[in-house]
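Asker: let me see the structure of the following:
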Amino acid sequence: MTTVRLVSRKSPLALVQARRVGALIEALDPGFKVEIVTVETRGDVRPDLPISTLGSQGVFVAEVERAVLEGAGDIAVHSAKDLPSSAPELGLVLAAVPERADARDALIGNRLYDLAAGAVVATGAVRRRAQLASVRPDLCFTELRGNIGTRLDKVPEGGAAVVALAAIERLGLTDRVTEVLSSEVMLSQVGQGALALRCREDDTSSLELCAALDDPVVSRAVRSERSFLATLGGGCDAPVAAFARCDDFASPIQLEAMIASEDGHVIVRGSLVGTDPESLGAALAEHLLSDSGGRALLNSSAARR
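Answerer: The predicted model follows:
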């Protein structure tokens with residue numbers, strides 16, 4: 001038997017995702033045996049603090065990847081949305097994007113247009129707050145941290161909580177969903193719904209294994225979204241969003257993205273079609289930054305933080 005050590009956060013969702021990757025590995029060859037190594041990240045240790053105060057770049061990633069770099073595990077299993085937009089830590093590579101669930105956001109509690117004026121919506125994401133405020137400027141917002149189970153217990157009375165639909169689906173809790181928000185109302189976070197595998201750049205065995213798990217269609221889409229974010233120089237604490245789709249490996253990629261003011265009063269949105277993921281993401285980012293006023297919005301958001 002060949003043992004493959006997957007490194008994961010300890011949260012219920014992270015473990016479900018790691019087990020999913022483990023099942024994919026074991027399906028490749030009955031000679032593989034998967035072990036899951038768990039670590040605690042900065043984001044897990046302080047669930048009482050807003051992500052923005054912890055430093056969003058890698059808050060759920062760094063400790064997982066350090067375990068791989070130090071040899072405690074072979075492959076890091078991440079939610080792609082948690083990955084920093086910058087290049088991986090020296091010595092690691094993004095080796096595979098094996099699958100993607102529904103990338104949309106969902107409401108728990110009340111439906112968007114059933115919420116009374118002044119109702120409270122729980123979400124710590126400025127991306128979500130800005131987009132909801134643009135269509136319902138009367139709403140109030142409160143922080144929401146913790147694992148999915150904790151979040152479901154923190155739905156404000158008479159209000160709603162925003163969660164990633166992919167997380168709800170993977171945990172088998174879709175009966176709690178009140179409304180799935182359309183991409184016209186709520187464009188997704190970069191990489192949302194997708195899994196991402198990182199391993200050491202000199203680990204030939206893990207690189208080959210990850211290559212066998214990679215979904216090239218999903219990977220192209222996520223790479224274009226990540227290129228958009230990298231060109232902006234932003235992270236999950238910035239009011240930006242992007243979602244890409246393509247029908248197959250050879251077809252064009254359709255990328256849609258937005259940059260918003262934190263209060264949702266101004267949103268610039270655009271779309272672009274192309275074949276090279278990195279070039280497409282960079283081109284759409286430059287267009288929104290330079291031609292649509294996006295740079296001023298990001299500068300204003302950064303100044304507030």
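
Asker: same question for stretch 209-217: list its buried residues.
Answerer: 209, 210, 213, 214, 215, 217 (16 or more other CB atoms under 10 Å). To be clear about C-beta, it is placed using only N, CA and C from the backbone, and glycine gets the same treatment.

Asker: let me know the closest of those residues to residue 277.
Answerer: Nearest to residue 277 among the buried residues of stretch 209-217 is residue 217, at 11.1 Å by CB to CB.

Asker: isn't residue 11 up against residue 149?
Answerer: No: using CB atoms under 8 Å as the test, residue 11 is too far from residue 149 to be in contact (9.3 Å).

Asker: pick out whichever of the two has more residues nearby.
Answerer: Applying other CB atoms under 10 Å to residue 11 and residue 149 shows that residue 11 carries more neighbours, namely 23 against 12.

Asker: which residue sits closest to that one, ignoring its sequence neighbours?
Answerer: Computed as CB to CB, 6 or more residues apart in numbering, the closest residue to residue 11 that is not its neighbour in sequence is residue 147, at 4.7 Å.

Asker: likewise for residue 29?
Answerer: residue 2 (8.0 Å).

Asker: quick check: beta-bridge partners of the one you found?
Answerer: Going by DSSP bridges, residue 2 is paired in beta bridges with residue 32.

Asker: which residues touch it?
Answerer: The contact partners of residue 2, taken as CB atoms under 8 Å, 6 or more residues apart in numbering, are 29, 31, 32, 33.

Asker: mark which of these are buried, thanks.
Answerer: Neighbour counting by 16+ other CB under 10 Å classes residue 32 among these as buried.

Asker: and the contacts of residue 2, which is closest to residue 302?
Answerer: Of the contacts of residue 2, the one sitting nearest to residue 302 (CB to CB) turns out to be residue 32, at 45.1 Å.

Asker: touching, that closest one and residue 21? I think so.
Answerer: No: the pair residue 32 / residue 21 is not scored as a contact, 11.4 Å apart, by CB under 8 Å.
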